[in-house]
Structures are given as C-alpha cells and as structure tokens.
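>>> the sequence and its predicted three-dimensional model are supplied below.
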Amino acid sequence: MTLFYSHEPVRPGSSAGGPADPLQQSLFSRPPRTRIEVDLSAIARNIQVLKRHCRSGTKLMAVVKANAYGHGAVHVARTALDNGADFLGVARMSEAVQLLDAGIRLPMLVFGDVLPLQALHGQDHGIRITLTSLASARAVSTAALSHGCTVIAHIKIDTGMGRLGLCAGVNMNQTMADLEAMMQLENLAIEGIYTHFANADARDKTHAERQLALFSQVLDRLAQKKLVPDIVHAANSAATLTLPQSHFTMVRPGIALYGLCPGPGVDCTDLTPALSILSRIIQIKQVPKGFAVSYGSTHVTDQPTTIATVPVGYADGYSRLFSSNAHMLVKGQRAKVVGRVCMDFTMIDVGHIPDAGLGDEVVVLGSRGSDTISADELAKLAHTINYEIVAGLTSRMPVFYRQPPRHHNQKSHVSRQPSHGCSRKVHGHDS
C-alpha cells in the first residue's frame with residue numbers, strides 16, 4: 001500500500017485536484033501530527049460489496065456530495081470510476097465543478113436546486129440536473145430554447161420524504177399531469193426519474209415499502225403511455241443492501257461506500273470503514289490528585305495520574321460534546337478524554353498506560369490492535385449520526401490516502417460526454 005498526500009480543492013491553498021505546490025510538498029513531506037487517512041482500497045471493496053447486492057446490468061451511482069462525506073471527493077470519484085461506477089451524485093453545482101476541474105468526466109447528477117443558466121453551462125460536461133416541479137422545468141426549458149441547446153434532466157418524485165419533488169402521495173393525478181407536461185417541454189431530455197427513501201435504514205420497512213409502492217404506481221402509469229425514462233433509481237445505501245425490489249435500473253449508495261452503516265436495520269458486516277483520524281502526544285505530564293484540566297476546571301483528578309495533550313479539537317471537527325466523554329487509543333489501549341475539548345487541543349488520561357510517552361501515536365478515530373473508536377461510537381456520544389461525524393470534519397486536517405499500486409490497464413478517469421452545444425463554461429456558484 002502507498003500513502004500519499006493530496007490537498008483537495010475545497011481545502012485552502014490548492015488547485016483543482018492537482019499536485020500540491022512546493023510549499024505544501026515541503027510541509028507535508030512527512031505526515032503531520034494530526035491528519036485524516038483514507039484507505040481507497042476499502043472504498044473499492046465497499047463498491048464491490050454493493051455491486052454484488054445488485055443484479056447484473058444495474059448501474060451504480062457513487063454519491064460523493066459533501067466532499068465525499070469528508071473523505072475527499074476527487075480521489076473517491078476516481079476510485080469509484082476504477083471500480084465500475086456509472087454515475088456520480090453531488091448536491092450542488094460547485095461540487096460537480098470541482099470534479100470537472102480534476103479531469104473527471106463521468107456523468108454527474110446534481111440533486112439540489114440549479115439555476116437555469118447553470119443547467120445550460122453544465123450540459124457540455126456531462127452534468128445532469130434534477131427537476132422538482134413543473135415551474136422549474138419550464139424555466140430551464142425556456143433558457144435552453146433561447147440558447148438552442150438541450151438540457152438532460154432527472155425528475156424527482158416525493159413519495160414520503162417531504163423534501164423535494166412532485167408530491168405523488170398528495171395528488172397523484174396532478175403529479176401525473178405535471179410529469180407529462182415536463183416530458184413534453186422543448187429542449188429538455190428527461191433521462192431519469194427517481195425518489196428518495198426516508199426510512200429504508202430502519203428495522204421496520206413499512207414506510208419504505210409504502211414509498212416504493214407509490215413510486216411504482218407512478219412508473220406504472222408512465223408505462224401505460226410509454227413515458228418511463230431510461231434510468232429509474234430509488235435505492236440509497238440502506239435500500240441497496242436490504243430492498244432489492246427498489247434497485248430498478250440504478251442504485252445510489254452514499255454512506256455505505258465509505259464503510260459506514262446507514263442505520264440499525266442494515267447488516268453492514270461486509271463493509272470496511274475507510275477513514276481514520278490520527279494524531280500524536282505533544283506533551284505529557286505527571287499530575288497529582290486534585291489537578292484541574294482544561295477550561296472551566298470541569299475535570300479534577302481523583303488520584304495521581306498522567307495527562308497527555310493531543311493536537312486535535314473542535315476546529316478540526318472533533319466535537320466539544322466529547323469533553324470528559326470519549327476515548328482515544330494509545331498503544332492499542334483506550335485513554336479517556338478529560339476536561340473540555342478545546343479549539344485546538346484535547347487532553348487524555350494515560351495514567352494506566354505506563355509506557356505512554358511524547359510522540360506516541362493517538363488514534364482519534366479508527367482501529368489499533370483489537371480495539372476501535374468508530375464513527376458510530378462518537379455519534380452516540382454526540383447524540384447524532386455517523387454521517388455528521390465524518391462530513392463535519394474540517395479542512396484544517398490534511399488528508400492522506402492509502403491505495404494499492406495502480407496498474408496500467410486501469411481505465412482512464414476521463415470519459416467524454418456528447419456535447420449539446422449549450423456553453424463551454426461552467427459556473428460553480430451555488431443557487
């Protein structure tokens with residue numbers, strides 16, 4: 001396995017996915033004390049696990065929004081492409097632009113709202129947009145018509161998420177009328193139709209099955225008029241693993257790509273977490289009983305012990321809710337966080353680890369030996385979900401990647417898309 005540093009475009013001072021500049025190369029010629037490490041081979045294995053759950057011929061969209069859930073969108077997208085992904089999913093146009101700037105030309109679907117001119121500018125680059133209403137479709141159609149080009153789009157159906165899309169469960173007849181009108185608009189090519197599950201990760205699949213039934217009803221009514229688009233997708237990570245009847249022509253996993261479990265109703269034993277946070281002890285001190293630690297003196301030692309300082313804090317995305325609550329691993333043993341987590345530092349009690357010393361590795365998130373500090377464990381302590389633990393990591397921590405040696409027969413990251421003549425420029429401003 002090789003370890004390399006890459007300053008992602010969303011991280012300050014970097015170009016779009018290219019090599020680090022000389023100063024970055026100098027500063028990060030060796031891994032810094034506190035860093036994120038992402039195992040790209042784990043992501044590759046997770047993709048293969050997900051593909052095995054699907055029937056042959058089912059397309060796979062790798063969801064890499066939010067900087068690939070904190071893992072680094074460019075390198076995850078390349079790994080997904082190398083392992084058979086057919087599409088990429090992003091939330092905002094700026095995320096698609098980041099991938100384009102890195103030379104990635106796999107078809108991309110933007111889930112969120114996109115301004116009409118953004119939709120036009122993305123067409124020459126394989127960027128598909130989501131249409132969530134007849135009004136938004138008409139606006140895009142008008143813009144495309146005035147520019148003499150065609151916009152490729154997917155239509156979103158709200159079957160019970162209550163967020164975006166035509167609300168089939170409230171008024172099916174109106175939804176069908178809007179769908180037919182959208183499909184007849186000039187200069188729009190409706191390539192796909194999709195919905196999103198609200199509870200597919202739950203043990204009780206009743207709500208997901210209701211959503212699926214409603215979506216299937218929409219598809220059946222479209223089929224009667226031979227209007228079903230080529231690409232039909234509904235399955236997020238949980239549904240990909242547990243609801244094969246929802247796979248249709250494409251699945252859309254996100255959190256599972258990264259080896260994290262979407263919820264309690266999903267068996268994730270075959271998935272491998274890809275992200276770790278590593279640091280080192282930068283100061284260690286023997287302290288007496290009654291010694292106060294950190295802001296507010298909320299922790300006072302009840303016996304003589306050893307306190308170690310670790311350079312990671314809430315400015316890195318390590319929550320203040322972990323104060324006197326979480327653990328880190330030192331020499332494979334758990335060391336409890338003591339006192340309040342600071343912006344830049346956290347203190348741990350290593351009094352029970354007699355050989356702990358200055359410079360020792362600290363696993364903030366990840367595994368050593370037989371123990372693991374998981375994203376799920378930290379999420380429970382912070383009363384949140386594993387998604388937020390990884391997606392909330394900040395740009396201050398540099399990301400290093402582990403990957404197996406690349407082979408010359410791996411396909412290129414650039415797959416040109418046909419031009420629809422809209423524009424040669426992409427604007428990355430979010431709507």
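All right, it came through fine.
>>> please count neighbours and contacts with C-alpha atoms only from this point.
Fine.
>>> reduced to three states, what does Asn46 come out as?
helix (DSSP: H, G, I helix; E, B strand; the rest coil).
>>> how about the contacts made by it?
Asn46 makes contact with 256-259, 270-272, according to C-alpha atoms under 8 Å, 6 or more residues apart in numbering.
>>> buried members of the residues you listed into ChimeraX, please.
In ChimeraX, this line selects whichever of these come out buried by 16 or more other C-alpha atoms under 10 Å:
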select :256,257,258,259,271,272
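>>> which one of the contacts of Asn46 is nearest Ala143?
Closest approach between the contacts of Asn46 and Ala143, by C-alpha to C-alpha: Leu257, at 36.1 Å.
>>> what are the phi and psi values at that closest one?
phi -60, psi -30 (degrees, to the nearest 10).
>>> for it, what are its contacts?
Counting by C-alpha under 8 Å, 6+ apart, Leu257 has contacts 43, 46-47, 62.
>>> could you redo the last one with a cut-off of 7 Å?
Taking C-alpha atoms under 7 Å, 6 or more residues apart in numbering, we find Leu257 in contact with 43, 46-47.
>>> from those, pick the one nearest Asp302.
Ile43 (43.9 Å).
>>> so which residues of the stretch 201-350 of the chain form strands?
Along the stretch 201-350 of the chain, the stretches classed as strands by DSSP state E, counting those that start in this stretch are 231-233, 250-251, 275-280, 283-287, 292-293, 299-300, 305-310, 327-330, 333-337, 346-349.
>>> possible to save those as a markdown table with mean neighbour count, mean pLDDT and distance to His147?
Shown next, in a markdown table, are the strands of the stretch 201-350 of the chain (neighbours: other C-alpha atoms under 10 Å; pLDDT from 0 to 100; distance: least, C-alpha to C-alpha, whole Å):
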| stretch | mean neighbour count | mean pLDDT | distance to His147 |
| --- | --- | --- | --- |
| strand 231-233 | 20 | 98 | 26 |
| strand 250-251 | 25 | 98 | 31 |
| strand 275-280 | 23 | 98 | 44 |
| strand 283-287 | 15 | 97 | 63 |
| strand 292-293 | 17 | 98 | 64 |
| strand 299-300 | 16 | 98 | 65 |
| strand 305-310 | 22 | 98 | 56 |
| strand 327-330 | 23 | 98 | 57 |
| strand 333-337 | 21 | 98 | 59 |
| strand 346-349 | 25 | 98 | 56 |
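>>> for Phe111, which of the ones you listed is the nearest?
strand 231-233 (12.6 Å).
>>> quick one on the thing from earlier: let's have the strands of the stretch 201-350 of the chain in a markdown table, adding distance to Val364.
A markdown table is the format used below for the strands of the stretch 201-350 of the chain (distance: least, C-alpha to C-alpha, whole Å):
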| stretch | distance to Val364 |
| --- | --- |
| strand 231-233 | 37 |
| strand 250-251 | 33 |
| strand 275-280 | 5 |
| strand 283-287 | 16 |
| strand 292-293 | 19 |
| strand 299-300 | 20 |
| strand 305-310 | 9 |
| strand 327-330 | 5 |
| strand 333-337 | 10 |
| strand 346-349 | 10 |
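>>> so which of the ones you listed comes closest to Lys156?
That would be strand 231-233 among the strands of the stretch 201-350 of the chain, by C-alpha to C-alpha, at 9.9 Å.
>>> shaky segments in this protein?
For the chain, applying pLDDT under 70 flags the ranges 1-2, 7-21, 24-30, 404-421, 423-431.
>>> and the residue nearest the centre of it?
Central residue of the chain (C-alpha atoms, centre = their mean): Tyr69, 2.7 Å from the mean position.
>>> list the contacts of that one.
So Tyr69 contacts 390-391 (C-alpha under 7 Å, 6+ apart).
>>> try Ser279
Ser279 makes contact with 33-35, 310-311, 361-364 under the criterion C-alpha under 7 Å, 6+ apart.
>>> which one among those residues gets closest to Arg340?
Using C-alpha to C-alpha, those come closest to Arg340 at Val310, 12.6 Å.
>>> how near is that closest one to Ala198?
38 Å (C-alpha to C-alpha, to the nearest Å).
>>> you'd agree Gly366 is in a strand?
Yes. With three-state DSSP as the criterion, Gly366 is part of a strand.
>>> how close does the residue lying closest to it once chain neighbours are set aside sit to Asn199?
Spatially, and ignoring its direct neighbours in sequence, Gly366 is nearest to Ser276 (4.7 Å; C-alpha to C-alpha, 6 or more residues apart in numbering). Distance of Ser276 to Asn199, given as C-alpha to C-alpha: 28 Å.
>>> could you do Ile284 as well?
46 Å.
>>> not counting sequence-adjacent ones, nearest residue to Ile47?
Leaving aside its chain neighbours, Ile47 sits nearest to Leu257 (5.9 Å; criterion: C-alpha to C-alpha, 6+ apart).
>>> got a list of contacts for stretch 196-204?
Contacts for stretch 196-204 (C-alpha under 7 Å, 6+ apart): 160-161, 207-208, 211, 234, 238-239, 262-266.
>>> and Arg280, what are its bridge partners?
Arg280 has these beta-bridge partners by DSSP bridges: Glu361.
>>> that one against Glu361, yeah?
Yes. Assessed by C-alpha atoms under 7 Å, Arg280 is found in contact with Glu361 at 4.4 Å.
>>> that older thread, which of the contacts of Asn46 sits closest to Ser146?
Closest to Ser146, out of all of the contacts of Asn46 and judged by C-alpha to C-alpha, is Leu257, at 40.2 Å.
>>> and the closest one, how far from Leu50?
In this view, Leu257 and Leu50 are 8 Å apart by C-alpha to C-alpha.
>>> please apply the same query to Ala308.
41 Å.
>>> and Glu388, by the same measure?
When distance is defined by C-alpha to C-alpha, Glu388 is 22 Å away from Leu50.
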